[in-house]
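> curious how this folds, go ahead:
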Amino acid sequence: MKLYWENVEDIAEQLLEAHSAVDPLSVRFTDLHRWITELPDFADDPKASSEGKLEAVQMTWLELYAEQNE
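The predicted structure follows:
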């Protein structure tokens, strides 16, 4: 499945898989952007990102991370 910026939940799930030991709140947006665009299924324009899109991914990833580490 190809990933685009609007696939927030899917991106967050893949980030959790790839970086399961990382607290999402400790990740700078520059690193988060790089990690997202380096996901094997990512197919969107890296320049189409925005702070709002990165924040949405980070918060969704945080929710998944918290559930996993309860």
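> going by C-alpha atoms from here, please, whenever you check contacts or count neighbours.
Fine.
> where does the chain have low pLDDT?
Counting by pLDDT under 70, the chain shows no low-confidence range.
> now do the helices in the chain.
8-18, 29-37, 51-68 (DSSP state H).
> highest average neighbour count across those?
helix 8-18 (a mean of 18; mean count of other Cα atoms under 10 Å).
> follow-up on the earlier one: now the helices of the chain in TSV, with distance to residue 1?
What follows is the helices of the chain, written out as TSV (distance: least, Cα to Cα, whole Å):
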stretch	distance to residue 1
helix 8-18	9
helix 29-37	14
helix 51-68	17
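> nearest to residue 43, out of those?
helix 29-37 (8.0 Å; Cα to Cα).
> by contact count, what packs against the closest one?
Under the contact criterion of 3 or more Cα pairs under 8 Å, 6 or more residues apart in numbering; DSSP states H and E, helix 29-37 touches helix 8-18, helix 51-68.
> still on that earlier bit, which one of the helices of the chain lies nearest to residue 44?
Across those, closest to residue 44 is helix 29-37 (Cα to Cα), at 8.1 Å.
> kindly export the closest one (C-alpha atoms) in CSV.
Output of helix 29-37 as CSV, limited to C-alpha atoms (Å, rounded to 0.1, in the frame of the first residue of the first chain):
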residue,chain,number,x,y,z
PHE,A,29,10.2,17.4,13.1
THR,A,30,13.2,17.4,10.8
ASP,A,31,14.0,13.8,11.9
LEU,A,32,10.3,12.8,11.8
HIS,A,33,10.0,14.2,8.2
ARG,A,34,13.1,12.2,7.2
TRP,A,35,11.8,9.0,8.8
ILE,A,36,8.5,9.3,7.1
THR,A,37,9.9,9.9,3.7
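> next, the angle helix 51-68 makes with that helix.
Orientation check (axes from the mean of the first three to the mean of the last three Cα atoms, to 10 degrees): helix 29-37 against helix 51-68 gives 80 degrees.
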